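Peer 1: Any chance you could fold what I've pasted below:
(one chain, ligands or ions: 2)
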Amino acid sequence: MTKPRYAPIQYLKGVGPKRSLAFEKLGIFTVEDLLYHFPRRYEDRTNLSPINKLEAGQARAVKGEVLAKGGHRSWRRKGFSITEAVVGDASGKITCVWFNQPYLQNYFQVGDSLVLFGKVERYGKNLQLSSPEFEIIGKDGDDALDIGRLASVYSLPEGLTQRNFRRLVNSALNEYLPQISDCLEFGLRSRNKLVNLAQALRSIHFPQGPEAQDQAYIRLSFEEFFLFQLPLALRKLKKKEKAGIAHKVESPLLEDFISGLPFELTAGQKKAIEEIKADMACPRSMQRLLQGDVGSGKTVVAAAAAVIAVSGGYQAAFMAPTEILAGQHFEKIKNQISKINPSVPLRVDGEHSRTVKYQNREIKIELLTGSIDKKSKMVKLRQIKNGEINLIIGTHALLEEKAEFKNLGLVVIDEQHKFGVGQRALLPQKGPNPDILIMTATPIPRTLAITLYGDLDISVIRELPPGRMPVETKCLEEKERRQAYEIVKGQLRQGRQAYIIYPVIEESYALDIAGAKKMYDALKKDEFREFKLGLVHGKLAQAEQARLMRKFNDRELDVLISTTVLEVGIDVANAACMVIEHAERFGLAQLHQLRGRVGRGHEQSYCILLSGARTPGAQARLAAMVKYSDGFRIAEEDLKIRGPGEFFGERQHGLSELKIANPLTQMQLLKRAREEAIRLLNVDPRLEERPHRLLKEKLLQRFPEYEELMVVG
Ligand code: ADP
Ligand code: MG
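Peer 2: Ligands and ions are numbered 1, 2, ... in the order given. Below is the predicted model of the structure:
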């Protein structure tokens, strides 16, 4: 007999080639897939209530026979239909109603036995079950899988009922479970008090009770976490093994850089720099994630790392997701390093470069983006290749094939979530084995960060630079728009600047851009005619966006109307207020990022959310914005509102592999799975020993991209 891992689903009795297509749509190709297709939820049918014992307000399961059925269109509301059935058991009868599901009328017949589960409501003098879930059960008494127990409820392949599906799963369990081997070895299971796989699979589908269900859930979640952590732990292990650069970190250049800054570093920044120094000094390659809330000052930490790399004779590359941001980093860092040693005259070559001579060591910084003209790009590329330029700030233009480095020693990736996983991996390949520093402003709880970035070390900057005042945030409705404008004008008259943000969503891109333009024209003519306005949106060339940004930065514009191109990184300290139009259309993380554009100076700043939020989700997001300013707190709220799947969206593919495990509610289990993964890899890094073979097979099946990692050295 074929092992269940590979037995195609169509060989299972009751499926067949035609029906197997419907299974495949749900990702069920083999019997194993079926066994791992876990119930969506359970219905407690342990105790069926006698119908005459039902009370209004309860959610209850009952069993009964259909005594009568009927349906009609509502005469009160057009296009509204009602299906009714009277169901009775030995104790009494009750009416069930379903709204707008006319097809239900043909679904069951008078005389059918039903199990119903739903809320009991009072309707006039009588009780009724309103839109209950129901299932037709056999009259042959063959209902041990369906009633008198916790009944599993699945996402179903088309054309199957819950009852059919349960039977299929049950026969798959009976036939294949004896041959299923456990990918978690005995020792690991007993250390962690996990039930074996056969038991877990049976209990997850047909739990004997809440305790068995719980144990199954824990065991299967652990397995998911474990498989998810293994490749991360392996990658980390291998990177540790791989030779990297031992940078010389005690550099007078670094000391001068830090003492030349116009501010004192915060404790968090200092700690992060220390951690980075330790990594860089070590002859293995650094893989570090720098997390810090918006405005916490990550850039200067990265710049310090760059100074270390450069002062030891290596090149450093700093990649930002947009041209605006790259340009701004360039200006800022150029400015900061120009102060390194003021006694040394600056040699200025061209508009964009500045050289600091220092003990035979020069920092020559350049900007490389997609929109610079071809000729100067060629020149820069040549200088990067021959090592003349040693600090390169850029966009993904840095990833182009033509960009070659002489001796790339450090890669910094800013706002990493804006890059694809593939893009992120490319830049480090431009050097022998450069140190890597990744920065993100999406703060997430530490354990969760470990799940996602388990192959990275993590530094966190918790505090903001001193003197920042929390941005005063208000949520106003459309009819209070005037109030919003008054606040903005008040600020502008004090010489401060403002952003007005207009959302653009992909589905209505053209419409939204038109909306932003229209608003710009209207405001310019009327409300804000005494001020200078600019409009930036994603349809403008990146260079044009950067030009407008620069104008805003130089205070040539008072108000910048913008779509979400502003979302990341931009830093203009004089901008004191922001209005966000249609705030309900933004996600919470995005709102927080946007708001982070103001409140960067020492004076009170304002953020006004204009919205007509109706849905509870949108209202919860806006309420969280008004209430909290700490990014970590906001991320937690966001996770609560959306759940981890949506929170991380499609960006972090790993998490979508988790079908049953939830990193938020099972952090302890996750931690243990991670520890076990590390423990295992220390013993058998290539999973070659006999008890680990199955694990390896499963792992590669799930993450084929790790093949290479497992095989090579
Ligand atoms: P983010 O972490 O969001 O990338 P930035 O690096 O852009 O934040 O820093 C935000 C602003 O704070 C910048 O203008 C930066 O110069 C300033 N800044 C950074 N560190 C400090 C500090 N220790 N004290 C005062 N201002 C600082
Ligand atoms: Mg930043």
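Peer 1: C-alpha from now on. contacts and neighbour counts both.
Peer 2: Noted.
Peer 1: quick one: the closest residue to Gly387 other than its chain neighbours from His396, how far?
Peer 2: Spatial nearest neighbour of Gly387, chain neighbours left out: Lys406 (5.2 Å); criterion: CA to CA, 6 or more residues apart in numbering. Here the distance between Lys406 and His396 works out to 18 Å (CA to CA, to the nearest Å).
Peer 1: max-length strand in this structure?
Peer 2: strand 59-73 (DSSP state E).
Peer 1: which parts of that strand are buried?
Peer 2: Buried residues in strand 59-73, defined by neighbour count with 16 or more other CA atoms under 10 Å: Arg60, Ala61, Val62, Lys63, Gly64, Glu65, Val66, Leu67, Lys69, Gly71.
Peer 1: coming back round to it: I'd assumed the residue nearest to Gly387 was in a helix, is it?
Peer 2: No: secondary structure of Lys406 (DSSP: H, G, I helix; E, B strand; the rest coil): coil, not part of a helix.
Peer 1: That one contacts Asn386, doesn't it?
Peer 2: Yes: the criterion here is CA atoms under 8 Å, and Lys406 meets it with Asn386 at 5.7 Å.
Peer 1: Those two: which has the busier surroundings?
Peer 2: Set Lys406 next to Asn386 and count neighbours by other CA atoms under 10 Å: Lys406 wins out with 19 against 14.
Peer 1: what about the more buried one, distance to ligand 1?
Peer 2: Distance of Lys406 to ligand 1, given as CA to the nearest ligand atom, to the nearest Å: 28 Å.
Peer 1: what's that residue in contact with, if anything?
Peer 2: Residues in contact with Lys406 (CA atoms under 8 Å, 6 or more residues apart in numbering) are Gln315, Ile384, Lys385, Asn386, Gly387, Gly431.
Peer 1: Now do the SS call for the fifth one.
Peer 2: What it means is Gly387. Of the three states, Gly387 takes coil under three-state DSSP.
Peer 1: burial of it, as a residue count?
Peer 2: Residues near Gly387, counting by other CA under 10 Å: 19.
Peer 1: again with the last one
Peer 2: With neighbours defined by other CA under 10 Å, the count for Gly431 comes to 17.
Peer 1: Surely it is in contact with Leu399?
Peer 2: No: using CA under 8 Å, Gly431 is not in contact with Leu399; the gap is 11.8 Å.
Peer 1: show me where the stretch 551-700 of the chain has strands.
Peer 2: Remark: strands assigned in the stretch 551-700 of the chain by DSSP state E, counting those that start in this stretch are 559-562, 575-580, 606-610.
Peer 1: and of those, who's closest to ligand 1?
Peer 2: strand 575-580 (11.6 Å; CA to the nearest ligand atom).
Peer 1: What helices and strands are in contact with the closest one?
Peer 2: Counting contacts by 3 or more CA pairs under 8 Å, 6 or more residues apart in numbering; DSSP states H and E, strand 575-580 is packed against helix 481-493, strand 497-501, strand 606-610.
Peer 1: again, only this time at 10 Å
Peer 2: If you count contacts as 3 or more CA pairs under 10 Å, 6 or more residues apart in numbering; DSSP states H and E, strand 575-580 packs onto strand 472-476, helix 481-493, strand 497-501, strand 559-562, helix 588-595, strand 606-610.
Peer 1: Next one: the residue lying closest to Thr322 once chain neighbours are set aside relative to Leu237, how far apart?
Peer 2: In space, and not counting its chain neighbours, Thr322 is closest to Thr395: 6.1 Å by CA to CA, 6+ apart. The gap separating Thr395 from Leu237 is 30 Å, by CA to CA.
Peer 1: got it, and Gln269?
Peer 2: 27 Å.
Peer 1: Would you mind telling me which of these two has more residues around it?
Peer 2: Each of Gln269 and Leu237 has its neighbours counted (other CA under 10 Å); Gln269 has more, 26 against 16.
Peer 1: Would you confirm that that one contacts Glu463?
Peer 2: Yes: under the criterion of CA atoms under 10 Å, Gln269 makes contact with Glu463 at 8.9 Å.
Peer 1: Could you tell me which residues touch both of those two?
Peer 2: Here Gln269 and Glu463 have Gly292, Ser296, Gly297 as joint contacts, going by CA atoms under 10 Å, 6 or more residues apart in numbering.
Peer 1: Now do the first one, the pLDDT please.
Peer 2: Right, Gly292. Here the pLDDT value assigned to Gly292 is 89.
Peer 1: Counting neighbours, what do you get for the nearest residue to it once chain neighbours are set aside?
Peer 2: In space, and not counting its chain neighbours, Gly292 is closest to Ile461: 4.7 Å by CA to CA, 6+ apart. By the criterion of other CA under 10 Å, Ile461 has 20 neighbours.
Peer 1: wait, isn't Ile461 in contact with Glu275?
Peer 2: No: taking contacts as CA under 10 Å, Ile461 lies outside contact range of Glu275: 11.7 Å.
Peer 1: Name the residues contacting each of these two.
Peer 2: Shared contacts of Ile461 and Glu275, counting by CA under 10 Å, 6+ apart, come down to Gln269.
Peer 1: what does the stretch 201-350 of the chain put close to ligand 1?
Peer 2: Taking CA under 6 Å from any ligand atom as the contact definition, the stretch 201-350 of the chain meets ligand 1 at Phe263, Glu264, Leu265, Thr266, Gly292, Val294, Gly295, Ser296, Gly297, Lys298, Thr299, Val300.
Peer 1: Nice, that's everything, thank you.
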